[in-house]
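K.L.:
take this sequence and fold it.
(one chain, ligands or ions: 1)
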Amino acid sequence: MHQSQPARLAAGLGPRGRPADILALDPARSHRSTRPQKAIRNYFAAGLGGHTAGTRRRVFNNIIVHVEGMPGLHFPPADHDFQADGNLHWSLKDGPSYKGDPLGELRRSKLFGASRDRYAPGWEAGGLFADPKFVRFRGDWKAQNAYALRKASPAIDAGVAIPPDWPDPLRANDRGRPDIGAIPFGCEPWKVGR
Ligand SMILES: [Ca+2]
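P.N.:
Model (predicted):
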């Protein structure tokens with residue numbers, strides 16, 4: 001990404017006003033974001049699947065990395081207007097030693113079957129549990145992390161198709177199928193702050 005591109009991507013503010021490592025486009029249609037943070041209870045996608053009653057929520061193609069703790073699998077009820085797919089989940093501390101796929105638990109659940117009534121593939125049918133292979137990432141808030149993707153990242157070309165009218169200033173930079181996360185492979189991250 002070049003700094004001259006439209007600034008529709010925003011870095012949010014975390015505790016004490018420190019810029020949080022959350023790169024997102026739209027809270028109601030969270031797509032192509034990168035969110036490294038601690039697991040919040042057992043909420044799916046660190047809370048992106050919360051507060052859905054009476055709302056329309058879409059969670060596609062986000063990278064959600066927990067510094068510690070496994071990805072949450074507490075979803076909203078299947079009759080809410082909620083869809084989630086193509087997200088990549090990881091745990092920096094607990095992921096490497098975990099045997100299996102936590103999303104498999106979801107796909108074997110009754111909730112997954114019920115989700116297909118409103119979203120035909122089923123929630124997270126194309127989701128991944130894998131190390132996203134950022135250029136540089138440590139679970140230390142002082143670290144200068146770099147969330148671009150390395151060539152070996154499983155996030156490359158692993159996302160789902162996003163409606164073309166959704167804002168995405170990097171759409172033209174994403175070759176082939178959609179990449180997961182805020183920064184498509186090959187794009188330079190923008191500079192924020194000092
Ligand atoms: Ca791609």
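
K.L.:
now the strands for the chain?
P.N.:
For the chain, the strands defined by DSSP state E cover 10-13, 19-24, 29-31, 34-37, 56-60, 63-66, 81-85, 88-91, 128-129, 134-136, 146-149.

K.L.:
which one of those has the poorest average confidence?
P.N.:
Within the strands of the chain, the stretch with the lowest mean pLDDT is strand 10-13, showing a mean of 34.

K.L.:
and the gap between His80 and Gly176?
P.N.:
32 Å (Cβ to Cβ, to the nearest Å). The way it works is simple: take the backbone N, C-alpha and C, and place the C-beta from them, glycine included.

K.L.:
give me the more crowded residue out of the two.
P.N.:
It is His80, of His80 and Gly176, that has more neighbours when counted by other Cβ atoms under 10 Å, with 18 against 9.

K.L.:
skip the chain neighbours and tell me the closest residue to that one.
P.N.:
Thr52 (4.3 Å; Cβ to Cβ, 6 or more residues apart in numbering).

K.L.:
what about the one you found, distance to the ion?
P.N.:
29 Å (Cβ to the ion, to the nearest Å).

K.L.:
what residues does this protein put near the ion?
P.N.:
Asp157, Asp174, Arg175, Gly176, Asp179 (Cβ under 5 Å from the ion).
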